[in-house]
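> I would like the atomic coordinates for the input below:
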Amino acid sequence: MPRTIQTDGTLSPTTQAILDDCPRFRILVIGKSGVGKSSLINNAFGINKASSADLMRGEANIHEGLESPVNKRFILHDSLGFEPGEKDNYKTVKEFIQGRQTGELKDKLHAVWFCVKIPGAGERLLEVAAEDFFQTKKQTMGAIPLIVVYTKLDTFVHELTMQSASSWGPLDDESLTKNAISKAQSTVGEQHQEISRLAEEALPYAVVSTREIYKYTLQNLIELTHHEVGIRDTPEAQITSMVTLMAQRVVPHLKIQGCINVGRQRYWKALRASPDFKGHRIWDCLSVIHTDIVAVWNFNDPACHLLENKFKELVIKMIQEMEMPSARTPNRILALGGGSLVAAVSGFMAALTNPAAPIVLPVIVGVVAAVWLYDVYQNVKNVQQIFMGFIVDLTHIMETLFILTARDHNKLTRRAIKFAFSAYHESGVMTQAHADIQAYRDSVGRDSALEMIESLIKPERSGDSNVKNYYAEISKMDIRKMNLESQEEDWESFPH
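Model prediction:
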C-alpha cells in the first residue's frame, strides 16, 4: 500500500457531530479542602498528578472552567465546601448551578459531585449550609444530576479495622478488611438516608477510595454518573451521556458500549444495508469507522499516532490473516490452552529486556496489502467479514492499550501502541475472533452482523473465560518497566 494513501474526506465521523454539540463533559465538584477532590479528578479522568495539581491550583473559582491538555473531553468547575457560618460560597454555588441550566448544551452543567469525607466517630456529616443545599435541591439543581460522593473509604476502613479487630475474633487481614468494608458501606448507607430525607428524594451516591485496591469503587462512581447523565430519554441527554463516557478513563466496558452506540447510529448499519458507503472505497469506509472508535477511547495522544495511516494499515493487515491461514503462528496458546500471556508473546517480549530495542511487529505486517482496499464498497458477505474483523480487532487493541495505560495515562507513544497490537495479535483471542467471523452466516431480516460484533467485543462475551484471562494478564503488566511511555520509535520494525 502506498505510504501516502489518503481518504477522500467525504465521509464525516459520527463522533464529530456529537462533539460539535458538546465537546466536553462539564462537571462541578463541591467539597472542602482535604476531602480528596484532586485525587478523585486525577483518577476518574486520567490526569497525571502534575497536571491535576495545576488544574486545581490556588483558590477555587467556580466560574473558571478548568481544562487539561491531557484530556480534552472534560471541563471542571471547582468549589469549596460549605464551612460553618459561611454564606457567600453557598450563594455563589447555587447561583452558578441555576445559571448553567440554560443555553447551548456545551455550556450547560452536566453533573455535580458533592464530595463528603466519610465522618469518623464524633464527626459531623454536614454543615448547616450543606443541609440547606440538599433541602433546596429540587429548586437549585433542576434536571442536573447530583451525586453524593463519600470519599476516603480506605481511611475509614482502616479505622474500623483497628477499632473492631478484637470484637471480630481471630481473622486474617483479608477477612478483617472485608468485614470493615461491609460495615463501612452499611454505615454510609445509613448516613446517606439523612441526606435523602433532606432532599425529599433518594439521591444517588457512591463510596470511593482512589487507592488501587479500591479501584472498583471509582468504577462504580463513573458508571453511576454515566447512568444519571443519560437517564432522561432526550437527544441532549444521549449526547451528554456519550461525551461522559469519552471523558472518563476508568471503565473500559463503557468505552466499548460507546463504540457500539456510535456505530449503530450510522456506519455500522452499512453491514446490513446503508447508503452511507455507496460509491466509496473500502479504505475510506474503514477509515471513518477507525476515527469514530479512536475518538470514543479518548487517549492522551497529542501526536495523533492512533490516527496515522500506518496504524490503520496494521489493523487492516491483521484482518488479512483471516484469508491467510498459513500466516498464523503456533504460539497463540492463551485462549486455546490456557497459560500465561508472557509465554504467549515471548517472541516480542524478549526485545523489551533492552529498553533501547524497538518492538518487533509480527511478520504479517510486512505483507502487501490486499487489493480490495481500493475497491468500491459492496454489501456482500466477504466485505461484511472485513468490516466485522476491523471493528473487532481495533476495539480489542484499544481495550488492551487502555488497560496498559490505566495507571498513569501519560502521553501515548507508538511503542505502547505496537505493544498492544502485538499482545492482541499473539493471543488466542484474535485467533478465536477471526474463526468466529469466518464462520459467520448472515441471517435475513436481522442485524446479525452487528450482533456478532457485539458478542465479540462486549466484556461479558457470553462468559468467555479466555478473553477474561487475556485481559487479566494484561492488567498485571507494568508498562513503566517496559519503557512504553518514554521511548518513541517508528512503526516499521520488522523481524530480520
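> if I look at Ser455, how far off is Asp436?
Going from Ser455 to Asp436 by Cβ to Cβ, to the nearest Å gives 8 Å. Where C-beta positions appear, they are placed from N, C-alpha and C, glycine not excepted.
> roughly how far out does stretch 167-185 sit from the chain middle?
Per Cα atoms, centre = their mean, to the nearest Å, the displacement of stretch 167-185 from the mean C-alpha position of its chain is 32 Å.
> Just the buried residues of it, please?
By neighbour count, and taking 16 or more other Cβ atoms under 10 Å as the criterion, the buried residues in stretch 167-185 are Leu176, Thr177, Asn179, Ala180, Ile181, Lys183, Ala184.
> Equivalent analysis for stretch 233-249, please.
Of the residues in stretch 233-249, those scored as buried under the neighbour-count criterion (16+ other Cβ under 10 Å) are Ala237, Ile239, Thr240, Ser241, Met242, Val243, Thr244, Leu245, Met246, Ala247, Gln248, Arg249.
> Narrow those to those in helices?
Secondary structure assignment by DSSP state H places Ala237, Ile239, Thr240, Ser241, Met242, Val243, Thr244, Leu245, Met246, Ala247 of the buried residues of stretch 233-249 in helices.
> just curious, which of these is nearest to Lys269?
Ranked by distance to Lys269 (Cβ to Cβ), these are led by Met242 at 17.2 Å.
> How about the contacts made by the closest one?
Applying Cβ atoms under 8 Å, 6 or more residues apart in numbering to Met242 gives the contacts Ile18, Gly258, Asn261, Val262, Val296.
> The last one reaches Gln248, doesn't it?
No. Val296 lies out of contact with Gln248 (Cβ atoms under 8 Å); the separation is 11.0 Å.
> re earlier: dump the ones in helices among the buried residues of stretch 233-249 into CSV; add distance to Ala111 and pLDDT as well.
Putting those into CSV (distance: Cβ to Cβ, whole Å; pLDDT from 0 to 100) gives the following:
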residue, distance to Ala111, pLDDT
Ala237, 11, 95
Ile239, 14, 97
Thr240, 8, 97
Ser241, 10, 97
Met242, 14, 97
Val243, 11, 98
Thr244, 8, 98
Leu245, 12, 96
Met246, 14, 98
Ala247, 10, 97
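> Residue ranges in the stretch 1-150 of the chain under the pLDDT threshold?
Low-confidence segments of the stretch 1-150 of the chain, defined by pLDDT under 70, are located at 1-9, 48-60, 85-86.
> can we see that at 90?
Where the stretch 1-150 of the chain drops to pLDDT under 90, the residues are 1-11, 33, 47-61, 80-90, 119-129.
> Tell me where it has strands.
Along the stretch 1-150 of the chain, the segments classed as strands by DSSP state E, counting those that start in this stretch run 25-31, 66-68, 71-80, 111-117, 146-151.
> Next, format the ones you listed as CSV and append mean neighbour count and distance to Glu190.
Rendered in CSV, the data for these read as follows (neighbours: other Cβ atoms under 10 Å; distance: least, Cβ to Cβ, whole Å):
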stretch, mean neighbour count, distance to Glu190
strand 25-31, 24, 21
strand 66-68, 17, 35
strand 71-80, 22, 27
strand 111-117, 22, 14
strand 146-151, 24, 12
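> Now render those as CSV, adding distance to Glu194.
As requested, the strands of the stretch 1-150 of the chain are arranged in CSV below (distance: least, Cβ to Cβ, whole Å):
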stretch, distance to Glu194
strand 25-31, 18
strand 66-68, 31
strand 71-80, 22
strand 111-117, 11
strand 146-151, 11
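> right, so of those strands, which gets closest to Arg414?
Closest to Arg414 of the strands of the stretch 1-150 of the chain is strand 71-80 (Cβ to Cβ; 20.3 Å).
> Strand partners (parallel or antiparallel) of that closest one?
Partner strands and pairing direction for strand 71-80 (DSSP bridges) are strand 25-31 (parallel), strand 66-68 (antiparallel).
> which residues in the stretch 351-496 of the chain form helices?
Taking DSSP state H, counting those that start in this stretch to define them, one finds helices in the stretch 351-496 of the chain at 381-404, 414-426, 428-438, 448-457, 465-475.
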